[in-house]
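A.B. asks: fold the following, please.
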Amino acid sequence: MASLELGGFLPVDGLQPEVSTSSSSSGETIDKNTSTDDTEWVYPHPTNFKLPEASVDEIQKLRVAVIGAGLTGIIAGALLPAKVPGIDLHIFEKNSDVGGTWLENRYPGVRCDIPPLVYQSTFSPNTQWSEEYAQGAETLEYWKSVAKKHDVYSKVRFGSKVLGAYWEPDTAQWRLEIRDFASGELSIQHFDFLLTVIGHFNEWKLPDYPGIDRYKGMLMHSSGWDPAFDPRDKRIATIGNGASGIQVTTEIRKVAAHVDHYARSKTWIAGAFQAGATDRKDSPIPISQEERNSFEDPVVYLEYRKKKEGSFWRAFGAQLADSESSKAARENFIELMRKRSVVDPSLIDKLIPDFPPHCRPLITQLNLTFIQTPIKEFTEEGIITVDGVHRPVDAVIASTGANTHFAPPFPIVAGDTDLARDWKYDGAFGFPSTYP
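C.D. replies: Numbering: from 1, shown residues only. This next block holds a predicted model:
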């Protein structure tokens, strides 16, 4: 046999080149060996590679790490084992259960601002959502049910915080450094593939206002809600007018004595993201049992679901600042805000921003004060704004301070690149490359 020489691999030891011959039509033997040197060819560069004995269709085992067991982590845990033969999947989650943001955010009023029939998996749909805009608890239970149905829990290591991920070119693997919360033990593991699905709003922190440490009332972040806290008949300050800030403000206002809502920025107050969706309110919008029963017919359910999804997936033009649909949305939102601000019409000029629409629900009421004057400092009893006004409160709920950039909260390093550094706004390839 001839030496086995494939793409620069070493020849197999002990095999000698042989002379290849064939016969002509006259019966004469023809030597087809054109080499003039009897010396065996040797690969000219040092290598430890040995050609293995393996079947061409043998499945290679792949160690895959997924960081995070939120929605994307659950989907990865369900679909990757079904689609990737030979996968050895490990999901690392810092919390005690799956669910991500819906596990962590349990403040009053938390709900998804997208209809749940759009905000669900295509491979495990739910026909029995109770509301047009599902509350956080129902959303969490749905995604936990998906994880149970597809055996995702068996692949998750809870209470595990990834401290760093480092590419090792010598082994062509990722080295993960993982801290176990319960034992404090640090472990090192290696993987062929790494998927980070941690989101970017889960590294929250309290605002850093002067004197905040000396405040003696209840102080918490909406993402770290204390279920033992009762807001009834209390004077409460809420800080921040993002989605969480507005949701928690509108909900606790229903039972609090008074709410001071501190918001530095202007924001849109929206009814629905898209024209085909039901306007959002600060109260449940139930889906009737009769309608839910009709979804038992797959044809009816598919038609209803496609109609809901179509109003979202076919309306991307509204996301463009100067598009006709964006301009129309602006006028619609302004009109909606006027209707919802009848208690205090002066709020309109304070709220309407310069950027295009698509945002949040808020209902104004007499027991809510909207404050745009910047906070100067905290006292033991409350908050002082820069105009010198002191407003004592029993509790302060902050909905600010989340990690709003797209960089991971731990090093992800390959060569000279660290995504924790280089994906930040002012990083090596930050804005606009890594920002939508």
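
A.B. asks: and the helices in the stretch 1-150 of the chain, which stretches?
C.D. replies: With helices called from DSSP state H, counting those that start in this stretch, the stretch 1-150 of the chain shows them at 71-83, 101-104, 136-149.

A.B. asks: for the shortest one, name the packing helices and strands.
C.D. replies: Packing contacts for helix 101-104, counted by 3 or more CB pairs under 8 Å, 6 or more residues apart in numbering; DSSP states H and E, involve helix 136-149. The way it works is simple: take the backbone N, C-alpha and C, and place the C-beta from them, glycine included.

A.B. asks: about what we covered before: can you list the helices of the stretch 1-150 of the chain in CSV and add distance to residue 51?
C.D. replies: Shown next, in CSV, are the helices of the stretch 1-150 of the chain (distance: least, CB to CB, whole Å):
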stretch, distance to residue 51
helix 71-83, 30
helix 101-104, 49
helix 136-149, 43
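
A.B. asks: can you tell which of those helices is closest to residue 311?
C.D. replies: Closest to residue 311 of the helices of the stretch 1-150 of the chain is helix 136-149 (CB to CB; 19.5 Å).

A.B. asks: who touches whichever helix or strand comes after that closest one?
C.D. replies: Using DSSP states H and E, the next helix or strand after helix 136-149 towards the C-terminus is strand 156-157. Contact with strand 156-157 is made by 69, 73, 77, 90-93, 98, 178, as judged by CB atoms under 8 Å, 6 or more residues apart in numbering.

A.B. asks: where's strand 156-157 relative to the chain centroid, distance-wise?
C.D. replies: Relative to the mean C-alpha coordinate of its chain, strand 156-157 is positioned 18 Å out (CA atoms, centre = their mean, to the nearest Å).

A.B. asks: and it, average pLDDT?
C.D. replies: Mean pLDDT, strand 156-157: 98.

A.B. asks: neighbouring strands - and their directions - for it?
C.D. replies: In the sheet, strand 156-157 lines up against strand 87-92 (parallel) (DSSP bridges).

A.B. asks: any idea how far residue 97 is from residue 158?
C.D. replies: Computed as CB to CB, to the nearest Å, the residue 158 to residue 97 distance reads 7 Å.

A.B. asks: how close does residue 390 sit to residue 113?
C.D. replies: 35 Å.

A.B. asks: quick revisit: list the residues that contact both of residue 158 and residue 97?
C.D. replies: By CB under 8 Å, 6+ apart, the residues touching both residue 158 and residue 97 are residue 69.

A.B. asks: of these two, give the one with the bigger neighbour count.
C.D. replies: residue 158 (17 against 14; other CB atoms under 10 Å).

A.B. asks: report pLDDT for the closest residue to residue 153 other than its chain neighbours.
C.D. replies: The shortest distance from residue 153 to any non-neighbouring residue, by CB to CB, 6 or more residues apart in numbering, is to residue 147 (5.8 Å). pLDDT for residue 147: 98.

A.B. asks: quick one, what contacts residue 147?
C.D. replies: 69, 74, 77-78, 98, 153.

A.B. asks: go with 7 Å
C.D. replies: Neighbouring residues of residue 147 by CB atoms under 7 Å, 6 or more residues apart in numbering: 74, 77, 98, 153.

A.B. asks: relative to residue 121, how far out is the second one?
C.D. replies: If I follow you right, that is residue 77. 12 Å.

A.B. asks: in terms of neighbours, single out the busier of these two.
C.D. replies: residue 77 (24 against 16).

A.B. asks: how many other residues sit next to the nearest residue to the more buried one once chain neighbours are set aside?
C.D. replies: Nearest non-adjacent residue to residue 77, counting by CB to CB, 6+ apart: residue 152, 3.5 Å away. Neighbours of residue 152 under the rule other CB under 10 Å: 25.

A.B. asks: who are the contact partners of residue 152?
C.D. replies: Per CB under 7 Å, 6+ apart, neighbours of residue 152: 74, 77-78, 98.

A.B. asks: for the contacts of residue 147, give me a markdown table that also has distance to residue 183 and pLDDT.
C.D. replies: Formatted as a markdown table, the contacts of residue 147 follow (distance: CB to CB, whole Å; pLDDT from 0 to 100):
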| residue | distance to residue 183 | pLDDT |
| --- | --- | --- |
| 74 | 26 | 98 |
| 77 | 24 | 98 |
| 98 | 21 | 98 |
| 153 | 20 | 98 |
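
A.B. asks: farthest-apart pair in the residues you listed, please.
C.D. replies: 74 and 153 (9.7 Å).

A.B. asks: so those two - more neighbours on which side?
C.D. replies: When neighbours are counted by other CB under 10 Å, residue 74 comes out ahead of the other of residue 74 and residue 153, with 27 against 16.
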